[in-house]
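K.L.:
Fold the following, please.
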Amino acid sequence: METNFLRMGMIFIFFIISFYGFSQDSINTQKPIKPNVTEDFYLSDFSGSIINLIATPEKYHNKKVRVIGFLNLEFEGNAIYLHKDDYKKSIHKNGLWVTFTDESWEKIKKYRFNKSYFLIEGTYDMTLFGHMGLWSGTIKDITRIDKWN
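P.N.:
The predicted model follows:
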């Protein structure tokens, strides 16, 4: 009798586990999360790494871009770098010269943005290389700048 009760319990548990396993939906039915985009930035524009801009500049020339990097603002040295060490070691080719709209420049002055990681959005220009041609291109007309934590 105990054996039958044990066997019935095992069969019951087997069916519960089987039912639960087969009832799981294998297709993701959740709606995709809408990305955080600014008014002038669309999914067709580039959002990625500075590496892509340096490696294939012709692909992004005169297009809106969004990148994250280490920002340094100083006389004749406004640039965003792939990494803080690139700035410290003066590896300018791992960076891009940056120019700002008046509105974004006011935000920089207000919050004293500098020497930290930032997300920026602007237009990539592969023909401008900054002061003395040291950088690998320019992100100009920057319309968005946010500290990246």
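
K.L.:
In contact with the nearest residue to residue 128 once chain neighbours are set aside, which residues?
P.N.:
Once flanking residues are discounted, residue 128 sits nearest to residue 138: 3.9 Å by C-beta to C-beta, 6 or more residues apart in numbering. In this view, the C-beta of every residue, glycine as well, is placed from N, C-alpha and C. The contact partners of residue 138, by C-beta atoms under 8 Å, 6 or more residues apart in numbering, come to 96-99, 124-125, 128-130.

K.L.:
Check residue 101 too.
P.N.:
Taking C-beta under 8 Å, 6+ apart as the criterion, residue 101 is in contact with 141-143.

K.L.:
Please pick the buried ones from those.
P.N.:
When these are checked for burial by 16 or more other C-beta atoms under 10 Å, the buried set is 142-143.

K.L.:
Out of the contacts of residue 101, which is nearest to residue 90?
P.N.:
Nearest to residue 90 out of the contacts of residue 101 is residue 142 (C-beta to C-beta; 22.5 Å).

K.L.:
ok, residue 63 to residue 110 distance?
P.N.:
28 Å (C-beta to C-beta, to the nearest Å).

K.L.:
quick one, which of the two is more surrounded?
P.N.:
Each of residue 63 and residue 110 has its neighbours counted (other C-beta atoms under 10 Å); residue 63 has more, 13 against 8.

K.L.:
can you map out the helices along this protein?
P.N.:
Applying DSSP state H to the chain gives helices spanning 2-22, 50-55, 57-60, 84-88, 102-111.

K.L.:
Buried residues in the second one, which are they?
P.N.:
Spelled out, it's helix 50-55. 50, 53-54.

K.L.:
Which residue, neighbours along the chain excluded, lies closest to residue 54?
P.N.:
Here the residue nearest residue 54, using C-beta to C-beta, 6+ apart, is residue 136, at 4.5 Å.

K.L.:
residues touching residue 117, list them.
P.N.:
68-71, 84, 147-149.

K.L.:
Any of these buried? List them.
P.N.:
Restricting these to buried positions leaves 68-71, with burial counted as 16+ other C-beta under 10 Å.

K.L.:
Just confirm residue 92 contacts residue 133, I think it does.
P.N.:
No. Counting by C-beta atoms under 8 Å, residue 92 stays clear of residue 133, with 9.4 Å between them.
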